[in-house]
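A.B. asks: Task: produce atomic coordinates for the following.
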Amino acid sequence: MEPGETLQACLARELHEELGVEARVGDTLCESIYRYEHGEFRLVALNTILSPAKFVLTVHDCAKWVPVKSVLDFNLAPADIPIARKIMEGD
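C.D. replies: Numbers count the residues shown, from 1 in each chain. The predicted model follows:
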């Protein structure tokens with residue numbers, strides 16, 4: 001986050017910079033706090049609608065849409081798993 005930036009503004013900016021999409025970012029869906037050996041991380045998931053849904057990659061090698069039910073089939077970081085589970089509950 002940049003100084004004075006809200007979580008919503010930060011996510012919208014990052015999505016535009018890194019994936020070339022506009023985003024309408026809403027309220028917090030959930031949070032995950034995880035302690036690794038090198039420090040504690042707080043991840044915040046925000047309800048977001050993307051437009052357009054086609055990505056223009058600038059710093060990533062690939063991106064793809066996957067069914068929500070298969071999200072835990074990927075090698076997620078431990079801090080990501082509680083958020084993935086919460087997203088799956090809403091499916």
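A.B. asks: for this structure, which helix is longest?
C.D. replies: Secondary structure assigned by DSSP state H gives helix 7-19 as the longest helix of the chain.
A.B. asks: If we go by neighbour counts, what in the next helix-or-strand element following that helix is buried?
C.D. replies: Scanning forward in sequence from helix 7-19 by DSSP states H and E, the next helix or strand is strand 22-36. Buried residues in strand 22-36, counting neighbours by 16 or more other C-beta atoms under 10 Å, are found at 23, 25, 32. Any C-beta I mention is one placed from the backbone N, CA and C, and that applies to glycine too.
A.B. asks: I'd like to know how far residue 63 sits from residue 90.
C.D. replies: Here residue 63 is placed at a distance of 21 Å from residue 90 (C-beta to C-beta, to the nearest Å).
A.B. asks: burial of residue 7, as a residue count?
C.D. replies: Neighbour count for residue 7, taken as other C-beta atoms under 10 Å: 13.
A.B. asks: again, but for residue 82
C.D. replies: By the criterion of other C-beta under 10 Å, residue 82 has 17 neighbours.
A.B. asks: Report the contact partners of it.
C.D. replies: Counting by C-beta atoms under 8 Å, 6 or more residues apart in numbering, residue 82 touches 30, 32.
A.B. asks: Just the element for it, please.
C.D. replies: Residue 82 belongs to helix 81-89, assigned by DSSP H and E.
A.B. asks: quick one on the thing from earlier: nearest to residue 49 among the buried residues of strand 22-36?
C.D. replies: Nearest to residue 49 among those, counting by C-beta to C-beta, is residue 23 at 6.9 Å.
A.B. asks: and the gap between that closest one and residue 38?
C.D. replies: Residue 23 sits 30 Å away from residue 38 when distances are taken as C-beta to C-beta.
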